[in-house]
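S.K.: generate a structure from the sequence data that follows.
(one chain, ligands or ions: 3)
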Amino acid sequence: MDGVTIIDHPLVQHKLTIMRSKDTSTASFRRLLREISTLLCYEVTRDLELTMETIETPLMEIQAPKLEGKKLVFASILRAGNGLLEGMLDLVPSARVAHIGVYRDHETLEAIEYYFKAPEDVVNRLVIVVDPMLATGNSSIASIDKLKERGARNIRFLCLLAAPEGIRNFQEAHPDVPIYTASVDSHLNEKGYIVPGLGDAGDRMYGTK
Ligand SMILES: O=P(O)(O)OC[C@H]1O[C@H](OP(=O)(O)OP(=O)(O)O)[C@H](O)[C@@H]1O
Ligand SMILES: O=c1cc[nH]c(=O)[nH]1
Ligand SMILES: [Mg+2]
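M.R.: Ligands and ions are numbered 1, 2, ... in the order given. Below is the predicted model:
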């Protein structure tokens, strides 16, 4: 599938299976999401450019690689995005963070925006938008619209599960934004849930249902 990278690392797939199970507790779900996010972060940053820098080891001076360019921005779509954000920050503690408050209206499935806070200078930075679920795509499309209004030009979207319908909508709206996901599931049901999916990610993370 063009523009979609499926992260099929065995550890990712194993943890995802446990997360999907309805018998997995809130505590385990939250811990697994944090663990899996470090593995996803590793893949979504795999091709970042490096620049050589001179350093001195205790033995000699060498040229050694460091990340090039400005610090990354991780943009978390609330609430469930925060579950991915935490593990990503474990790996890249210097990343800047944007928070985007969006929830789905349960009837219309439209994205309702309620909060937006992002670094002023996103224009020159790679922005990695995180949300475990890409269902209709309405939430991620609206979030990326806001980031583009702010000037972001270099954007990637990272999720855990995606539905084919959501990928189509997303790519129509943002053909320039690559998608990284651990799985493309079968379809959306009549209520807009991903099937087989894992249920409502926010509710499972925070025990709100
Ligand atoms: O692709 P979409 O159809 O827009 O669905 C995906 C969105 O649904 C979930 O959030 P939800 O609306 O449940 O909000 P919450 O995280 O605050 O519970 C999920 O975390 C995504 O943000
Ligand atoms: O299956 C779904 C669809 C949207 N949001 C979720 O949390 N789960
Ligand atoms: Mg949400």
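S.K.: got the buried residues for the helix ranked longest in the chain?
M.R.: Secondary structure of the chain per DSSP state H: the longest helix is helix 26-44. By 16 or more other C-beta atoms under 10 Å, the buried positions in helix 26-44 come out as 29-30, 32-34, 36-41, 43-44. Backbone N, C-alpha and C define where each C-beta goes, glycine included.
S.K.: is ligand 1 contacted by that helix?
M.R.: No - figure legend: helix 26-44 not in contact with ligand 1 (C-beta under 6 Å from any ligand atom); closest approach 11.2 Å.
S.K.: what is that helix packed up against?
M.R.: Helix 26-44 sits against helix 10-20, helix 81-91, strand 154-158, strand 179-181, helix 201-206, with contacts defined as 3 or more C-beta pairs under 8 Å, 6 or more residues apart in numbering; DSSP states H and E.
S.K.: what does that helix contact?
M.R.: If you take C-beta atoms under 8 Å, 6 or more residues apart in numbering as the criterion, helix 26-44 is touched by 5, 7, 9, 11-12, 15-16, 18-19, 24, 83-88, 90-92, 128, 130, 132, 156, 158, 160, 180, 182, 204-207.
S.K.: if we use 6 Å, what do you get?
M.R.: With C-beta atoms under 6 Å, 6 or more residues apart in numbering as the test, helix 26-44 has contacts from 7, 9, 11-12, 15, 18-19, 83-84, 86-88, 90-91, 128, 156, 158, 180, 204-205, 207.
S.K.: partner strands of the helix or strand following it, with direction?
M.R.: Later in the chain than helix 26-44, the nearest helix or strand by DSSP states H and E is strand 50-56. For strand 50-56, the paired strands and their directions (DSSP bridges) are strand 61-67 (antiparallel).
S.K.: tell me how far the partner strand lies from the chain's centre.
M.R.: Relative to its chain's centre, strand 61-67 lies at 29 Å (C-alpha atoms, centre = their mean, to the nearest Å).
S.K.: which residues touch the residue in the chain that ligand 1 sits nearest to?
M.R.: Going by C-beta to the nearest ligand atom, ligand 1 is nearest to residue 202 of the chain, at 2.8 Å. When contacts are counted by C-beta under 6 Å, 6+ apart, residue 202 is found next to 79, 80.
S.K.: again, 7 Å this time
M.R.: Contact analysis of residue 202 by C-beta atoms under 7 Å, 6 or more residues apart in numbering lists 79, 80, 208.
S.K.: and the biggest strand by length in the chain, what does it pack against?
M.R.: The longest strand of the chain (DSSP state E) is strand 96-104. The contact analysis (3 or more C-beta pairs under 7 Å, 6 or more residues apart in numbering; DSSP states H and E) places strand 96-104 against strand 73-78, strand 111-117, helix 138-149.
S.K.: what residues are up against the residue nearest the centre of the chain?
M.R.: What sits nearest the mean C-alpha location of the chain, by C-alpha atoms, centre = their mean, is residue 130, with 2.2 Å. The contact partners of residue 130, by C-beta under 7 Å, 6+ apart, come to 74, 75, 76, 77, 81, 84, 85, 88, 158.
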